[in-house]
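K.L.:
Make a model of this:
(2 chains, ligands or ions: 1)
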Amino acid sequence: MGFHSLEEIVAKTKEENKPFWEVLLEDDMSDRMAAREESLEKMNHMYQMMKKADGDYDPRLTSASGLVGQDGERMQEYLRNKRHMSGDFIGQVTARALKMGESNACMKRIVAAPTAGSCGVIPAVFLTYQDTYHSSDSEMVKALYVAAGIGMVIAERAFIAGATGGCQAEIGSASAMAAGGLAFLAGGKEEEILHAAAMALKNLLGLVCDPVAGLVEVPCVKRNVIGAVNAVTSADMAMAGIKSKIPADQVIDAMRSVGITMPSALKETGEGGLAATPAGTKAAEKLKKA
Amino acid sequence: MNLFDIIGPVMVGPSSSHTAGAVRIGYVARLLLGEPVKKADICLHGSFQATGRGHGTDRALVAGLLGMQTDDERIPVSLEAAEKEGMEVDFWAVELGDVHPNSVKLLLTGTHGKRLELVAASLGGGRIRVCELNGLTANFGGEYPTLIVNNQDKPGIVNEVTAALAQEDINIAAMQLYRSKRGSSAVMILECDGEIPKEALGRLGGLPGILDVAYLSLKEAEE
Ligand code: SF4
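P.N.:
Numbers count the residues shown, from 1 in each chain, chains lettered A, B, ... in the order given. Below you'll find the model as predicted:
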């Protein structure tokens, strides 16, 4: 793709007097030599597959290791029956993020966004937004272009894999992408989109990748929740007119330098952080024996 | 990388490197073999060996060998599917030396007796690299239609092959040559911009000095 920074995308929106999402749609058309309809159809397919994956959640499944499963249903049940503190929107976002993370761990079909480990963040907030505010599918697809554009720039300037940049690069990026998409859906313009993304990424800076037994299960499933909830609050802050004092592109650069300095024990090797706790090592050893 | 590497791919979890990439490796190996797999020895190295089971790497590789793609919902039950189809599968733990941590060696025999030996690595994000083919070094990712020519190591053969492709108006994106020892047999790997028609492949296989031709079509992949 042609963009090395979010500012470049914004400059193009001004130059051509087009919205953020459309600049990315056109970039995809030229990048893949695809027709407008083909690109839109493909993005719509991604959105429909997110919906399907959400609907296909199986509350009976646990992962092969036995470490995760059924918590999405537990949360859903709690929302149905009890007084909850989060409110309906955040409550539903939480349940959805858990469900998608669990579906991934249980070898169900998901949409990587940007990675499989972080696949619950964007659907959790997008589907809940659509349920609550009744936006059309075509609006949701536009928001996915916004999210994808943010992710592209992050991949270009930094990284989106836990193995290279820690969890800030996976869940952090997904959260920034989701926040930008939400700001767009809520009526935000370029400025709000960038501030939302910047704040979301800032809030997760330094997050390490420390999966127990090296599996995309613990803490990954629940990290999808923090990524999703953080996206909602960051988008709300941006829509309230709150600004990130550090511009989005510079936040991405900071994420990169933090990722580079992060020791390799905290980058998906399963050697540090939660993986190295007594409970984490015990789980890993049990799996080895099995 | 394009926008749909960021939103996408649609895949069966849990890991793009340990699951989706493993399906791709199996799938590419199946295409290179050119016939259904009858027997597969799957030798897992490094992280594929250590965390492969929890990530479903074993099932993912077998799914690919059965011709499944990364979004196939039958991946979790591929071992059962293999048994049903009479495909014999054995897993081994191996140490392949100085290779990528997510590496696997596949020893395959097809239903018509064809054999293939391949070492491949999953690089992350679902991308893969074939590093060794039938004992010879290789380096391709299966992202282009790829022609693999096993030939006698003597002058003129490269010319023959490239001329045949030029005749079909097929542009070569990348080309590599490997041989085990001077004057014995060699392998040519050509990644092409366009698909090579079946008849042209037949003609290539019949050229003097050419021992064997394998072809990785992406068209087949979309069907
Ligand atoms: S902890 Fe690592 S594997 Fe788990 S979601 Fe975060 S980056 Fe991915």
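
K.L.:
can we go C-alpha only for contacts and neighbour counts from here?
P.N.:
Will do.

K.L.:
ok, residue A:150 touching residue A:174?
P.N.:
No: no contact is recorded between residue A:150 and residue A:174 when judged using Cα atoms under 8 Å, the distance being 9.2 Å.

K.L.:
Looking at those two, which is more packed in?
P.N.:
When neighbours are counted by other Cα atoms under 10 Å in any protein chain shown, residue A:150 and residue A:174 differ, and residue A:174 comes out ahead with 35 against 32.

K.L.:
Would you quantify the distance from the more buried one to residue B:48?
P.N.:
26 Å (Cα to Cα, to the nearest Å).

K.L.:
Name the residues of the stretch 101-250 of chain A found near the ligand, please.
P.N.:
For the stretch 101-250 of chain A, the contact set with the ligand under Cα under 6 Å from any ligand atom comprises A:117-118, A:162, A:166-167, A:170-171, A:209-211, A:216, A:219-220.

K.L.:
the helices in the chain, which residues?
P.N.:
Unless you meant another one, I'm taking chain A. A:6-16, A:20-32, A:36-55, A:71-81, A:88-105, A:121-133, A:137-157, A:162-165, A:167, A:173-185, A:190-203, A:220-239, A:248-261, A:278-289 (DSSP state H).

K.L.:
hmm, I had chain B in mind actually
P.N.:
B:3-6, B:21-33, B:46-50, B:52-55, B:57-65, B:78-84, B:157-167, B:198-206, B:219-222.

K.L.:
Need the winner for burial among those helices.
P.N.:
Burial of those is given as mean neighbour count (mean count of other Cα atoms under 10 Å in any protein chain shown); helix B:57-65 ranks first at a mean of 28.

K.L.:
now for that helix, which elements pack on it?
P.N.:
For helix B:57-65, the elements it packs on are helix B:21-33, helix B:78-84, judged by 3 or more Cα pairs under 8 Å, 6 or more residues apart in numbering or on different chains; DSSP states H and E.

K.L.:
for those, which one sits closest to the ligand?
P.N.:
Nearest of the helices and strands packed on helix B:57-65 to the ligand, taken as Cα to the nearest ligand atom: helix B:21-33 at 15.5 Å.

K.L.:
can I assume residue A:70 is in contact with residue A:63?
P.N.:
No: in this structure, residue A:70 is not within contact of residue A:63 by Cα under 8 Å, at 9.7 Å.

K.L.:
which residues of the chain score low on pLDDT?
P.N.:
The chain I'm using is chain A. A:1, A:290 (pLDDT under 70).

K.L.:
that answer is for a different chain, and I need it for chain B
P.N.:
In chain B (pLDDT under 70), the answer is B:220-223.

K.L.:
near chain A, which residues of it?
P.N.:
B:1-16, B:51, B:54-56, B:71-73, B:75-76, B:125 (Cα under 8 Å from any Cα of the partner chain).

K.L.:
Of the residues you listed, just the buried ones, PyMOL syntax please.
P.N.:
With 16 or more other Cα atoms under 10 Å in any protein chain shown as the criterion, this PyMOL line picks the buried residues out of those:
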select buried, chain B and resi 3+4+5+6+7+8+9+10+11+12+13+14+15+16+51+54+55+56+71+72+73+75+76+125
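
K.L.:
Just the ones in strands from the residues of chain B next to chain A, please.
P.N.:
B:10-12 (DSSP state E).

K.L.:
Can you lay out those as JSON lines showing distance to residue A:7?
P.N.:
Below are those laid out as JSON lines (distance: Cα to Cα, whole Å):
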{"residue": "B:10", "distance to residue A:7": "30"}
{"residue": "B:11", "distance to residue A:7": "32"}
{"residue": "B:12", "distance to residue A:7": "35"}
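
K.L.:
Now do the contacts for whatever residue of chain B ends up closest to the ligand.
P.N.:
Taking Cα to the nearest ligand atom as the measure, chain B has residue B:15 as its residue closest to the ligand, at 8.3 Å. With contact taken as Cα atoms under 8 Å, 6 or more residues apart in numbering or on different chains, residue B:15 is in contact with A:116-117, A:216, B:55.

K.L.:
Let me have those residues in TSV, extended by distance to residue A:30.
P.N.:
Conversion of the contacts of residue B:15 to TSV gives the following (distance: Cα to Cα, whole Å):
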residue	distance to residue A:30
A:116	27
A:117	29
A:216	35
B:55	36
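
K.L.:
From the ones in strands among the residues of chain B next to chain A, pick the one nearest residue B:171.
P.N.:
residue B:10 (30.3 Å; Cα to Cα).

K.L.:
quick one: contacts for the closest one?
P.N.:
Taking Cα under 8 Å, 6+ apart as the test, what residue B:10 contacts is A:46, A:49, A:109-112, B:70-71.

K.L.:
nearest spatial neighbour of it, skipping sequence neighbours?
P.N.:
With sequence-adjacent residues excluded and distances taken as Cα to Cα, 6 or more residues apart in numbering or on different chains, residue B:10 is closest to residue A:111, at 4.4 Å.
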